[in-house]
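In: Sequence and predicted structure, then a few things I'm wondering about:
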Amino acid sequence: MAAYGIRGGGGSRGRKLATLAEEQKNSGRKADMQTVRRVAAAFTPYKLQIVLVLLAILLTTTLGLINPLLIARIFDDAIAKHNQNLLIIYVIIMFVTPVVSGIIGVGQSYLNNKIGQNVMRDFRNKLYTHLQSMSLRFFTATRTGEIQSRLSNDVGGVENVVTNTATSIVSNISTALSTIVAMIFISPFLTLISLGLLPIFIWFTYKVGNVRRQTSKETQQSIASLTAMMQETLSVSGILLMKTFGRQKHARNQFEDENQRLADLEVRQQMIGRWFFMFIGTFFSVIPAIVYLIAGWQIIHSVPIFGVGMTFGTIVAFTTLQTRIFFPIGQLLNVQVEVQGALALFDRIFEYLDMPIDIQDKSGALHPKPEEIKGEIAFKDVSFTYQRDEEQTEQAETTAVNRLSAQVQELADKAEPLTVPAVPEEPQTTLNNISFTIQPGQLAALVGPSGAGKTTITYMVPRLYDVDSGAVEIDGHNVKDIALSSLGELVGVVTQETYLFHASIRENLLYARPDATEEEMIAATKAAAIHERILSLEDGYDTVVGERGYKLSGGEKQRIAIARVILKNPRILILDEATSALDTHSERLIQAALEPLMRNRTTLAIAHRLSTILSADVILVVDKGEIVERGTHQELLAKDGLYARLYNEQFSQVPEESVA
Ligand SMILES: Nc1ncnc2c1ncn2[C@@H]1O[C@H](COP(=O)(O)OP(=O)(O)OP(=O)(O)O)[C@@H](O)[C@H]1O
């Protein structure tokens, strides 16, 4: 079955794979360099502070060399030659240098932290601003916890690297270099013995760093997953769902599994290279003994090496310098591993920062004043399809390809014909050539079966999604030509599910218009038939509503949401009426609230209340992404089509007069 020749590819296939691996490695390195460059760019606004830090490092490094070098002079010039004055002077210098160096060090660590924290602050700001501009599509496709995790955990994870790494590298390199120079100056031979194995250590550390990077990536993914789980299950809705379905045990198991994975990953991350560093540490500790042996032997036998003799002062100075060099070298090796780990985190941060913003202002976008807008809405031949989340598509495709290759291998043995497994289909169009016009001040009601596309139609007006073809116009202006901020002012939305911040009712109301006066706010709540109820609460308008306003009833929350939009006073209103039926009293109150809300503005309502449907100027009946019928209630009933059927199913029991 040569046609299925997957196995036994031979030498050429092996070479191909090797080339592929090499290419991947090279592109990986390029990507690393790019990440490093981008991280470095984040530091450019703090050039001046960085220069100061570098100066401080140079100064402390130089000061650090004074004492070891003085030791040789104390032994050989002061003690050996019985010069007490010189001894005292040297000792005073040995006192003063660490003090000065310590003071400079404090200033340096202040600057370090300042620079590092500023860089992190900038990353958080950039991420927040960028994410805020992402369209609804991104948020529907991404778990909230994942987003939060990148903002807090990933940025937090690079803290140590951005605060300490740069300075640690510079200060350790300068300490190491200056010490090596001083060591060579004292004894090149002993220096060679001490540092000969260094290149091998560096190579090993690079390898260890690569493993750390991979683990670091997995750890962050696990943290994000855990955050998302907590966010989903420990919210009001999550806990309600979990309790009412008795799924606590399942959620706990899931959480514990992921938590265990995280703990294991953390341990692995901490332990990576520990053996290696233990070996280095031990090696560094025994090196002085070897130096004592060789130098002692040199003194005992008075043998000069490379023409240089050995003195007691030289031995003490050299070993002191030696203790000085192992710490920075150890640190540098460690830093390399840490930096490689942090690169994985930076990759995750940049991945979000690089996501294109699909809905944004055109250059020269219009900024119409709300009072200049009459409020005509026109849909012109609008078509739209929800795109599948890329990750999902990729996964589905990979699964299909994997299945296919497994089948190929199996059939290659059996010599049977091949059946191609289902490759993910293209999604169906959600909206199909939708056209309608709503005159200023009119109420249009969208009616249709579940999943018909009603909500999607309303998303097109405030540009929560962009149409694939056709146009949505407000007063003849394509919404794509209007600045998003202006569009936000023109269009008000009341969603089915009311979202209230964990803040006072007043703050929640003023969110719509922070500059509204107390009178305007009260007028809005009165119009929405909620003023009295708010006053009856313990703290009135200052009552704090719990997460998502949970302390209020569904109907009350809806009326607060209505008051919020009345206060905003948009030219155009999108109303997604709640499907959940309230008791007759609440229902009346909501109707009373909606009436002033819809007055004098163009309203596009996903109507579930008979009262809204009956008062609509036009009813648009949506089915499978198309408008299949349009007209007034009476006209549509007369047609005896889909509308008549839906009406009979839902409202035939309700006497019209009672709703009117
Ligand atoms: N974010 C999304 N990604 C992919 N498909 C989506 C998304 N949102 C909705 N859909 C699909 O688009 C179609 C239309 O959905 P839409 O919410 O507009 O229907 P609807 O008429 O408002 O339904 P309902 O009355 O039940 O709210 C449905 O098949 C739905 O599954």
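Out: Nice, thanks for sending it over.
In: Got the domain ranges for the protein?
Out: Following automatic domain parsing, the chain resolves into domains at 32-353, 388-426, 431-500+557-659.
In: contacting residues around Ile71?
Out: 313, 316-317, 320 (Cβ atoms under 8 Å, 6 or more residues apart in numbering). C-beta here means a position set from N, CA and C on the backbone, and glycine is covered the same way.
In: could you point out which element follows the host helix or strand of Arg261?
Out: Here Arg261, judged by DSSP states H and E, is contained in helix 248-271. Using DSSP H and E, the helix or strand that follows helix 248-271 towards the C-terminus is helix 274-301.
In: Could you give the average pLDDT over that next one?
Out: Average pLDDT, helix 274-301: 81.
In: elements contacting it?
Out: The contact analysis (3 or more Cβ pairs under 8 Å, 6 or more residues apart in numbering; DSSP states H and E) places helix 274-301 against helix 188-195, helix 198-233, helix 312-353.
In: looking at the ones you listed, which is buried most?
Out: helix 312-353 (a mean of 20; mean count of other Cβ atoms under 10 Å).
In: Contacts for the next helix or strand after that helix, please.
Out: Per DSSP H and E, the first helix or strand lying C-terminal to helix 312-353 is strand 377-384. With contact meaning Cβ under 8 Å, 6+ apart, strand 377-384 is reached by 429-438, 444, 456-457, 460-461, 465, 467-474, 476, 572, 602, 604.
In: The ligand next: which of the residues you listed are close?
Out: Among the contacts of strand 377-384, the ones lying near the ligand by Cβ under 6 Å from any ligand atom are 430, 456.
In: out of the contacts of strand 377-384, which are inside strands?
Out: Among the contacts of strand 377-384, the members found in strands (DSSP state E) are 431-438, 444, 469-474, 572, 602, 604.
In: For the buried ones among those residues, write the corresponding ChimeraX selection.
Out: The ChimeraX selection below is limited to those of the ones in strands among the contacts of strand 377-384 classed as buried (16 or more other Cβ atoms under 10 Å):
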select :431,432,434,436,438,444,470,471,472,473,474,572,602,604
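In: shaky segments in the protein?
Out: 1-31, 305-308, 388-427, 546-550, 578-584, 586-587, 652-660 (pLDDT under 70).
In: what does it put close to the ligand?
Out: So the chain meets the ligand at 140, 386, 430, 448, 450-456 (Cβ under 6 Å from any ligand atom).
In: rewinding a little: please work out which of the domains of the chain is packed deepest.
Out: Each of the domains of the chain was scored by mean neighbour count; the highest is domain 431-500+557-659, a mean of 18, by mean count of other Cβ under 10 Å.
In: How far does it sit from its chain's centre?
Out: Here domain 431-500+557-659 is found 35 Å from its chain centre; the criterion is Cα atoms, centre = their mean, to the nearest Å.
In: What separation do you get for the residue nearest to Ile74 when sequence neighbours are not counted and Leu589?
Out: Computed as Cβ to Cβ, 6 or more residues apart in numbering, the closest residue to Ile74 that is not its neighbour in sequence is Tyr90, at 5.1 Å. Look at Tyr90 and Leu589: by Cβ to Cβ, to the nearest Å, they are 90 Å apart.
In: Give the helix, strand or coil label for Ala512.
Out: coil (DSSP: H, G, I helix; E, B strand; the rest coil).
In: Surely it touches Ala561?
Out: No: Ala512 is beyond contact range of Ala561, at 9.8 Å (criterion: Cβ atoms under 8 Å).
In: any idea which helix or strand comes after the lengthiest helix in the chain?
Out: Assignment by DSSP state H gives helix 84-133 as the longest helix of the chain. Moving toward the C-terminus from helix 84-133, the next helix or strand (DSSP H and E) is helix 136-141.
In: Against which helices or strands is that following helix packed?
Out: Counting by 3+ Cβ pairs under 8 Å, 6+ apart, helix 136-141 packs on no helix or strand.
In: Would you pull up how far that helix lies from the middle of the chain?
Out: 13 Å.
In: Extract the C-alpha trace of the next helix or strand along the chain from that helix and format it as CSV.
Out: Going down the chain from helix 136-141, the next helix or strand is helix 144-149, by DSSP H and E. Output in CSV follows, covering the C-alpha atoms of helix 144-149 (Å, rounded to 0.1, in the frame of the first residue of the first chain):
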residue,chain,number,x,y,z
THR,A,144,-13.2,35.7,32.2
GLY,A,145,-10.9,34.1,34.7
GLU,A,146,-8.3,33.6,31.9
ILE,A,147,-8.4,37.3,31.1
GLN,A,148,-8.0,38.3,34.7
SER,A,149,-5.2,35.8,35.2
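In: Can you give the contact residues for helix 144-149?
Out: Helix 144-149 is contacted from outside by 131, 139, 220, 223-232, using Cβ under 8 Å, 6+ apart.
In: Let me know the closest of these to the ligand.
Out: The closest of these to the ligand turns out to be Phe139 (Cβ to the nearest ligand atom; 9.3 Å).
In: What residues does that closest one make contact with?
Out: Counted by Cβ under 8 Å, 6+ apart, Phe139 has contacts Ile147.
In: In this structure Ile287 contacts Thr323, no?
Out: No: using Cβ under 8 Å, Ile287 makes no contact with Thr323, being 10.0 Å away.
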